[in-house]
Structures are given as structure tokens and as C-alpha cells.
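J.: need a 3D model of the following:
(chains A and B)
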Amino acid sequence: DQQVKQNSPSLSVQEGRISILNCDYTNSMFDYFLWYKKYPAEGPTFLISISSIKDKNEDGRFTVFLNKSAKHLSLHIVPSQPGDSAVYFCAALTGANNLFFGTGTRLTVIP
Amino acid sequence: DSGVTQTPKHLITATGQRVTLRCSPRSGDLSVYWYQQSLDQGLQFLIQYYNGEERAKGNILERFSAQQFPDLHSELNLSSLELGDSALYFCASSVGTANYGYTFGSGTRLTVV
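T.: Okay, the predicted model is just below:
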């Protein structure tokens, strides 16, 4: 049972444009959400997070939006750069001590 | 270098065999987590240890086991291997028991033939 879903396996965006990666979840008990970025042959690296008490968190070019009523979050990258090309994983957790990950979205930023 | 070390990086073995994957957490981190990433799948949580004690268990098969040693390194043992066990196995570590942004190693790619 996939509690965190990323329905788009891949996304291509022109350099300089906005990248929007989407994530849906089913468990209303999730109270913290994270985005990880993964390059080939490396482990995922933490990118940005948001608590369920907020609806937006911004860090430089990266902004995460949370819509609790829709059980949906999104990661916006603007402007997109070729170095942003990677697989992005959405993850969520409750008070228990393990993360639930989505299946990932492969972002390709075209120069 | 994330500070989390996993060995070996690659492993090829036959069905029915047993292998051990090793993880050294980042200095100062007490929690170790094991995740499995199969083809086209997300990261599936297997098990967590905190300071030597099992803390949480996820979708870990009975053929799999893990432990965390006094020096905090951890081993994931996979036995009676099947073709479907071929995957990337990631270890992550964090300071405490909360997972806010914990650090992953670069993974061990296991291929069962």
C-alpha cells in the first residue's frame, strides 16, 4: 500500500523555467513532509521540508507547498537549472520513526 | 561524502545465498535506518536501530535481519536470496530517533542471479 504517491515518473523542463513536482498522500496522520534529491550512484540528499502546521516553506529557488485538505504537496523550483536534473522523492512521516517515500520523479532540465 | 559509509557498493550473488551489507553511520548519529529500493519503486523502509536497539520495523522479510553493534555500525543480513531481492539497499543515519532530514549513504546494489 503506497501511502505516498508521485504519479509523474518523469518531467522535462527548459532551463530558466519553473519545475513543479507533485506528491499525494493518503495518511492524514502524516505531520511532516520532506523532499529528497537523488543523483545517480549517490544516496538521496535532503532538500527541503515542511511541517503540517504550515502551507509553504521557501529556501532559495526551492519552495514546497502543502495543501492538507487535498493531501497534496508540491515542490517548485524556479528558475530551473541543468544541475537540478535528478530524481526527486517526496517523503512523509508521523510521530513514528520512519519515513514513507514516494516512487520518485525524474526531472530533466534542458539547457 | 555524506558521512554515512556503506559497503560493498556492488554485490552479485546467486539465488539461495546469504549476504551481509554493512553501514557505518555519520559520526555522532545514534540511529540507523535501512531502506530497499527496487526497480521503479520508491524507498521502502525495512528497519531502524537506535543505539543498539531495534526501534521500528517496516516491510522487512523474515529472511532478512539486521543488528547494530556497540560501535554503532549496522549490518543487514539477507538470506535465502531470491531474484526479487535484487535492489539498491540504502542505509541512513540520524542523531536521534526523529527523522527530520536524516543522511543517506550511497547504497549497495545487490544483484541476485
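
J.: roughly how far does B:Tyr82 sit from chain A?
T.: If you look again at residue B:82, you'll see it is Glu, not Tyr. Applying C-beta to the nearest C-beta, to the nearest Å, the value for B:Glu82 to chain A is 22 Å. (C-beta placed from N, C-alpha, C; glycine too.)

J.: the nearest residue to that residue once chain neighbours are set aside: neighbouring residues, count only.
T.: Leaving aside its sequence neighbours, B:Glu82 sits nearest to B:Thr15 (C-beta to C-beta, 6 or more residues apart in numbering or on different chains; 6.0 Å). Residues near B:Thr15, counting by other C-beta atoms under 10 Å in any protein chain shown, number 12.

J.: what does B:Thr5 give?
T.: If you count neighbours by other C-beta under 10 Å, B:Thr5 ends up with 16.

J.: now chain B against chain A: closest residue?
T.: Residue nearest to chain A within chain B (C-beta to the nearest C-beta): B:Phe104, separated by 3.2 Å.

J.: residues in contact with that residue?
T.: With contact set as C-beta atoms under 8 Å, 6 or more residues apart in numbering or on different chains, B:Phe104 has these partners: A:36, A:43-45, B:2, B:4, B:35, B:90-92.

J.: and the strands in chain A?
T.: Using DSSP state E, the strands of chain A run over A:4-5, A:10-14, A:19-25, A:32-38, A:45-51, A:56-59, A:62-67, A:72-77, A:86-93, A:100-101, A:105-110.

J.: contact partners for the spatially most central residue of chain B?
T.: Against the mean C-alpha coordinate of chain B, by C-alpha atoms, centre = their mean, the closest residue is B:Trp34 at 3.3 Å. Neighbour list for B:Trp34: B:23, B:45-48, B:60, B:66, B:74, B:76, B:89-91 [criterion: C-beta under 8 Å, 6+ apart].

J.: for it, give its distance to A:His72.
T.: B:Trp34 is 29 Å from A:His72, where distance means C-beta to C-beta, to the nearest Å.

J.: surely A:Phe62 is in contact with A:Pro79?
T.: No: A:Phe62 is beyond contact range of A:Pro79, at 11.3 Å (criterion: C-beta atoms under 8 Å).

J.: higher neighbour count, the two?
T.: Neighbour totals were compared for A:Phe62 and A:Pro79, and A:Phe62 leads with 17 against 14 (other C-beta under 10 Å).

J.: residue numbers of chain A in contact with chain B?
T.: Selection of chain A residues close to chain B by C-beta under 8 Å from any C-beta of the partner chain yields A:2, A:4, A:6, A:9, A:32, A:34, A:36, A:41-46, A:49, A:89, A:91, A:93, A:96-104.

J.: so which of the contacts of B:Trp34 sits lowest on pLDDT?
T.: Among the contacts of B:Trp34, B:Phe45 carries the lowest pLDDT, at 88.

J.: that one contacts B:Tyr33, doesn't it?
T.: Yes: the pair B:Phe45 / B:Tyr33 is scored as a contact, 6.9 Å apart, by C-beta under 8 Å.

J.: looking at these two, which has the bigger crowd around it?
T.: Neighbour count, other C-beta under 10 Å: between B:Phe45 and B:Tyr33, B:Tyr33 has more, with 29 against 25.

J.: between the contacts of B:Phe104, which is closest to A:Lys56?
T.: Distances from A:Lys56 to those, taken as C-beta to C-beta, are shortest for A:Tyr36 (19.0 Å).
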